[in-house]
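> Based on what follows, work out the 3D shape:
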Amino acid sequence: MTRVYVSFGSNVERERHLRDGLRDLRAEFGAVIVSPVYESEAVGFDGAPFLNFVAAFDTDASIEQVAAVLSRIGEA
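Model (predicted):
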């Protein structure tokens, strides 16, 4: 079993996108550990502040399988 760490961040409809992404991650991988949520200013461009956190989960999936799931979640 491998522990995977994923950073989440959004500055557009922040709460909805982060909540939905975390829900989808739990649906795919089960139990997820979540760090505290932090707000940070946009860097390198003018934009709304971001909400950010890190999620961790354990899986036996390959890195390719995990990447495919994360890509699908990120596009949702």
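> Do a quick rundown of the strands in this protein.
Using DSSP state E, the strands of the chain run over residues 2-10, 33-34, 38-40, 50-59.
> could you say what helices and strands the longest one packs with?
Okay, so that is strand 50-59. strand 2-10, helix 14-29, strand 33-34, strand 38-40 (3 or more Cβ pairs under 8 Å, 6 or more residues apart in numbering; DSSP states H and E). For every residue, glycine as well, the C-beta is placed using N, CA and C.
> related to what we said a few turns ago, most packed of the strands of the chain?
strand 50-59 (a mean of 17; mean count of other Cβ atoms under 10 Å).
> for the record, mean pLDDT for it?
For strand 50-59, the mean pLDDT works out to 97.
> Direction included, what does that strand pair up with?
Paired neighbours of strand 50-59 in the sheet (DSSP bridges): strand 2-10 (antiparallel), strand 33-34 (antiparallel), strand 38-40 (antiparallel).
> for this protein, what are the low-confidence residue spans?
For the chain, no stretch has pLDDT under 70.
> please redo it, this time with the cut-off set to 90
In the predicted model of the chain, residues 74-76 satisfy pLDDT under 90.
> Point me to the residue sitting farthest from the middle of it.
Most distant residue from the mean C-alpha position of the chain: residue 46, 22.4 Å away (Cα atoms, centre = their mean).
> Torsion angles phi and psi at that residue?
phi -80, psi 120 (degrees, to the nearest 10).
> Give me the distance between it and residue 11.
11 Å (Cβ to Cβ, to the nearest Å).
> cool, and residue 47?
5 Å.
> Compare the two and say which is more crowded by neighbours.
residue 11 (17 against 11; other Cβ atoms under 10 Å).
> what sits against that one?
42, 47, 48, 49, 50, 51 (Cβ atoms under 8 Å, 6 or more residues apart in numbering).
> So the fifth one is in contact with residue 39, correct?
Yes - using Cβ atoms under 8 Å, residue 50 is in contact with residue 39, at 6.9 Å.
> sorry, back to before: of all the contacts of residue 11, which comes closest to residue 21?
residue 51 (11.2 Å; Cβ to Cβ).
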